[in-house]
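Student: would you be able to build a 3D model of this:
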Amino acid sequence: MSSDTGALSLLTAKAMLLLRREHELYALRLERERIELWNKVFHRLSLDLEHETPGSLIQKWTNLMVGELSFQMAAVYTPAEDGSAFALLAAESHVPMPEKLDMDEVAYRFFGEHLVGDYRAGGPEPLDELARAAGFETFFWMVLRTRVHSLLLLCGFAATGGMAPTLNAYDSTHFELSGKHLGALLENLGLIGELDRERSELAESNGQLEQAMTQLRKETSERLQLERELRHSQKLEALGRMVAGIGHEINNPLAYVLSNLEYVQREMGEGRPPHGERDRIALGEAIGEAISGAERIQSIVNATREFSRPLEEAPRAVDVRECLDAAHRIVSNELRHRTRLTQTLENVPHVMADPHRLGQVFVNLLVNAVHSMPEGRSENEIRVACSRKDEEHVTFSVSDNGRGIAEQDLDRVFEPFYSSDAHSKGMGLGLSICRGIIDSFGGNIEIDSRIGRGTTVTLQLRVAPESPEAEAALRQSLAPEDGPSRPARVLLIDDEPAVLRGLGRVLRGHEVVMATDGREGVELYKSGRFDIVFCDLMMPGFSGVDFVEELERLGPGHAQRVVLMTGGIVSDAIRSSVSESASLCITKPVDSTQLRRLIAGSVSAAGVLAQRQGT
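Tutor: Below you'll find the predicted structure:
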């Protein structure tokens, strides 16, 4: 009997153990299934985040709490604006949820101190009123704060009068994790929204910047074009003021050129040779004075022509004194009648500049100085100085003892269209253009003035890295000093017969063939061998450039025999064609010494070529 009792007890104990293990396994299965459900919630909460908004994401969280995890009630509240209650933001519930939860001070303080927890019947006591108002019997809560949101998460079971499910530890842990996960996703949405806004703002800013850059490029191009036009207009304005002076300068030498030539013509026209040494000396003096006057007219015309060129060349090595001499010839008549000019010019190196625009600056400064002084005052004086400042700069200054400029006007004298002289007849562009020109050379311009004491304008110009003096000396040394070894065969082409006859007389002793048309010159060149060709650049119908192009088609070396002659301003296109050709270009009137050197050089070159072909 006792043995049966013992066996029964053993069987009972084993059965109880099996039941306990079965219960544990069932609990583990339930917990695993619950954890899988929570993982499913985490996964689905994160799906399609780029298509979510904060409101839709919060609503999704409540839906998953009820739909996947079988909570009866899930709600998210946010503090009302007045702080007296919590307003419903999103909810999913089997029973209606209140739109507002009134909170007393005790409950507010409780949530401030306890950010996460669970409520069961009987506690915590501060939440009893909230549980009754919301209809919860048991629930989890969590206070969630992000950069943008302050939320109260609630999730639990309703007070139905029955037995509410028990809140377990793993649900509590995963509820807290789900709240944190929701907070992280809301933060990410906020960052994505900020990033999208920044991208949109950046795209808008880039569009505005591109529009601004386009407008800036357009305005810069227009401003540069306007500056070029203003500079040229100012040059023409200055020339207009000085036309009378230039005419006076030309008429003076022209008067004695004509009178001396008429004297020579009259003496030679009487058909008698000069009587004695006195007549020969008188005729020689008359001819010499006529040549001197013609050369003076030539220098005035050259200075005016170079000054009025519209072309702006890149800075190159320039002799400051030559530019100053050209400017002085332009304004010499105006200077002579209103002031005396004192020059102190040291032997300075060449500077980097465009000679034509630098000459324009000198003319502007000299004219401004003249106009600053009252007419008829005997003590009027302009002082021009040029010296080496340092190894890299040359200083040039123009000073006058005129009216001077008020101190309050000094800061504005370089502004376009501003003039400190109320009586000025110009456009007020002189100093503004001067500053733009000097800046383009990499130099600097400064002005110092006092009322009643006069004005000094100082230029600082960069020294050229290499002076062209050595190159010029080399070219001079290579040019033949003596006449050619034999008479040269020369072709002259010009549409002015008087020019042809004059050059023919100068070239007496050489075999000279003349043509008054470029096409005729081509045919003559093809019919005979010429050592050198002097051709006018600007001829109607068939220009000197056309002539050179025809010779280039005949083969190499022919265009090198051509010397083009020009007496005026040429277009940019013609200037470019000349520079690209193999032909030399000289300025009319042509110096006889220069002609002889060119002819001697051509004959010498022809002799060397013949020797090479013979060997």
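
Student: name the nearest residue to L57, sequence neighbours excluded.
Tutor: Leaving aside its chain neighbours, L57 sits nearest to L185 (6.0 Å; criterion: Cβ to Cβ, 6 or more residues apart in numbering). For glycine as for every other residue, the C-beta is placed from the backbone atoms N, C-alpha and C.

Student: residue contacts, that neighbour?
Tutor: Taking Cβ atoms under 8 Å, 6 or more residues apart in numbering as the criterion, L185 is in contact with 45-46, 49, 52, 57.

Student: among these, name the buried ones.
Tutor: Neighbour-count burial (16 or more other Cβ atoms under 10 Å) is assigned, among those, to 45, 52, 57.

Student: just checking, the first one touches L177?
Tutor: No. When contacts are counted by Cβ atoms under 8 Å, L45 is not listed as touching L177 (11.0 Å).

Student: can you give me the strands for the stretch 401-550 of the chain?
Tutor: 444-450, 454-462, 489-493, 511-515, 532-536 (DSSP state E, counting those that start in this stretch).

Student: among these, which is nearest I287?
Tutor: Across the strands of the stretch 401-550 of the chain, the minimum distance to I287, taken as Cβ to Cβ, is reached by strand 511-515, at 22.6 Å.

Student: quick check: buried residues in that closest one?
Tutor: Quick answer for strand 511-515 (16+ other Cβ under 10 Å): 512-515.

Student: do stretch 583-593 as well
Tutor: By neighbour count with 16+ other Cβ under 10 Å, stretch 583-593 contains the buried residues 583, 585-590.

Student: ok, now stretch 208-227?
Tutor: Result for stretch 208-227 [16+ other Cβ under 10 Å]: buried residues E227.

Student: my guess is G293 contacts I250, does it?
Tutor: No. If you go by Cβ under 8 Å, G293 and I250 don't touch, sitting 9.7 Å apart.

Student: of these two, which one has the most company?
Tutor: The neighbour comparison of G293 against I250 (other Cβ atoms under 10 Å) goes to G293, with 21 against 16.

Student: quick one: contacts for that one?
Tutor: G293 is in contact with 253-254, 256-257, 260, counting by Cβ under 8 Å, 6+ apart.

Student: if we use 7 Å, what do you get?
Tutor: 253-254, 256-257 (Cβ atoms under 7 Å, 6 or more residues apart in numbering).

Student: ok, A406 next?
Tutor: The contact partners of A406, taken as Cβ under 7 Å, 6+ apart, are I451.

Student: returning to what we had before: from the contacts of G293, which two are the most distant?
Tutor: So, the contacts of G293 by Cβ to Cβ: farthest apart are L254 and Y256, at 7.8 Å.

Student: report the distance from the helix or strand hosting the residue nearest to L57 to the chain centre.
Tutor: Assessed by DSSP states H and E, L185 sits inside helix 169-269. From the chain centre to the centre of helix 169-269 is a distance of 6 Å (Cα atoms, centre = their mean, to the nearest Å).

Student: what about it, average pLDDT?
Tutor: For helix 169-269, the mean pLDDT works out to 79.

Student: over to stretch 536-543?
Tutor: Stretch 536-543 comes out with an average pLDDT of 88.

Student: now the end-to-end length of it.
Tutor: 8 Å (Cα to Cα, to the nearest Å).

Student: of the contacts of L185, which belong to helices?
Tutor: Counting by DSSP state H, the contacts of L185 place 45-46, 57 in helices.

Student: which of these lies closest to R596?
Tutor: Relative to R596, the closest of the ones in helices among the contacts of L185 is S46; by Cβ to Cβ it sits at 98.3 Å.

Student: so where's the stretch 1-150 of the chain uncertain?
Tutor: Applying pLDDT under 70 to the stretch 1-150 of the chain flags residues 1-3, 23-35, 83, 121-122.

Student: so where do the strands sit in it?
Tutor: With strands called from DSSP E, counting those that start in this stretch, the stretch 1-150 of the chain shows them at 73-79, 85-93, 100-102, 116-119, 136-145, 150-158.
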